[in-house]
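Asker: Need coordinates for the below:
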Amino acid sequence: MFPVQAPFPQTRFRRARQSGAIRALAQENHLAVGDLIWPVFVCEGENVEQPIASMPGVSRLSVDRVAQAASKAFDLGIPAVCIFPYTPLEKRTKDCAEAWNPENLSNRATRAIKAVVPEMAVMTDIALDPYNIDGHDGFVVDGQILNDETVEALVKQAVSQAEAGADIIGPSDMMDSRIARIRGALEAGGHTNVMLLSYSAKYASGFYGPFRDATGATGALKGDKATYQMNPANTDEALRLVARDLQEGADMVMVKPGMPYLDVCRRVKDTFGVPTFAYQVSGEYAMIEGAVRNGWLDGDKVMVESLMAFKRAGCDGVLTYFAPRFAKLMQGKSAVV
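Answerer: Just a heads-up that it's a prediction; the model follows:
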C-alpha cells in the first residue's frame, strides 16, 4: 500500500532527482565496497598468472600471487576473499582425498593470505568437484551422486579448512544434512567462531560454465548436477532449504546464481531476515564483461547497476568478480553509491 500523496503539481517526483546532492538524500539503497566478497582462483606454481579465456580480466593465481592480490584488495576496502582451487589433474581422484589434505591449494592459500593480511576474512568452498575425477560435488557410484558418504568427506574438508585459518566456510555442494554435520564437527574441534555461509539455494544453472573452466571441472564433469542442485523453476523449495540450513546452524545464507534469481533473494530476506548473500556468478560476469569489451555497454555504469540490483533485492552482500574494479571506482569518490 502506497502512502498518501498530493496530486500534480503539488507532487513532482522530479524534485527529488534534480541534482546529485538531492538524489543522494532520497536514495533508498546503498552499495559499499564493504558489501563485497571477491572470489579468487588459485593454482600451483610460483609467480604464476593464468588468464581465463571465458572470464575476461580474471586469472588463476599461484599462492604467492593470491596473497599479494588479497593484500591489495584489502587496501581497497574489500573485506573478504573466497578461494577456489584449480587442482592438478593428477590429484583429482575417485576418493577426493586431496579435499582435506592440509597442504592442498586452498589451505595453503588461506595460510598465505592470513600471513600477509590477517585482518582480511578468508572464505573457502566446501564441495568435492575441484578434487573429483568425475567433476561432481559428491562421490559418484554407478552414475549416482551419494549423499551420506559425501557428507562424511565434506566434514573432513571443513575441519581441514578451519584448521588452516578460514574465517567463513561456504558449503556449496547441496547435499542434505551437511550443515548440521559440519557445524557439529567445528564445535567439537574447537572452531566455534568459524562461520557457515551456506549455499542454501543453489540452482542447477547454465550460468556456471566459465567458473568450471576456471577450476578445470568442465572436461571432468559427466552428466549434470540436477539431482542435487535446485530446479530453476522453484522458489518455495528455496525457502524450505534456507529454513533447514538455519535450523542446522548456518550463520548466513546464499542464493546462487544472483541476477536471474533476485526474486528468490527478496523472498529469503523478507521471510527470514537473516544475513543474505548472492553470488554474481561467472556467467553473469562474462556476459557483462564480454559486452563491455565489445563496446556495447558502459562498463562502470552497468557494473554498479548490476550490483545495486542485489542490494535492492534485499542482499546484505555479494560475491562478485567485479569487487576490485568497483573498489577502484570508489576511490576518490563517496564510499557509498
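Asker: make it CA atoms for all contacts and neighbour counts henceforth
Answerer: Noted.
Asker: need the helices for the stretch 51-200 of the chain, in chain order.
Answerer: Remark: helices assigned in the stretch 51-200 of the chain by DSSP state H, counting those that start in this stretch are 63-75, 105-116, 148-164, 178-188.
Asker: How about residues contacting stretch 233-248?
Answerer: Residues from elsewhere that reach stretch 233-248 (C-alpha atoms under 8 Å, 6 or more residues apart in numbering): 177, 179-180, 183, 198, 200-201, 230, 252-253, 264, 267-268, 271-272.
Asker: Now, these that are in strands?
Answerer: 198, 200-201, 252-253 (DSSP state E).
Asker: Just flag the most distant two among these.
Answerer: 201 and 252 (11.9 Å; C-alpha to C-alpha).
Asker: more crowded one of the two?
Answerer: Shown here are residue 201 and residue 252; by other C-alpha atoms under 10 Å, residue 201 has more neighbours (31 against 21).
Asker: give the contact list for the more buried one.
Answerer: 230, 238, 241-242, 254-256.
Asker: what residues does the helix or strand of the chain at the bottom of the mean pLDDT ranking touch?
Answerer: Ranked by mean pLDDT, DSSP states H and E, the weakest helix or strand in the chain is helix 209-215, scoring a mean of 86. With C-alpha under 8 Å, 6+ apart as the test, helix 209-215 has contacts from 41, 52, 54-55, 60, 84-87, 130, 218, 281-283, 286.
Asker: again, only this time at 10 Å
Answerer: 40-43, 50-56, 58-60, 84-88, 129-131, 135, 216-221, 281-286 (C-alpha atoms under 10 Å, 6 or more residues apart in numbering).
Asker: Filter these down to just the ones in strands.
Answerer: Going by DSSP E, the strands hold 40-43, 50-51, 59-60, 84-85 from the contacts of helix 209-215.
Asker: Specify which member of those is nearest to residue 311.
Answerer: Lowest distance from residue 311 to these (C-alpha to C-alpha) belongs to residue 40, with 22.2 Å.
Asker: and the helices of the stretch 51-200 of the chain as a markdown table, adding mean pLDDT and distance to residue 33?
Answerer: Formatted as a markdown table, these follow (pLDDT from 0 to 100; distance: least, C-alpha to C-alpha, whole Å):
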| stretch | mean pLDDT | distance to residue 33 |
| --- | --- | --- |
| helix 63-75 | 98 | 10 |
| helix 105-116 | 98 | 19 |
| helix 148-164 | 98 | 26 |
| helix 178-188 | 98 | 29 |
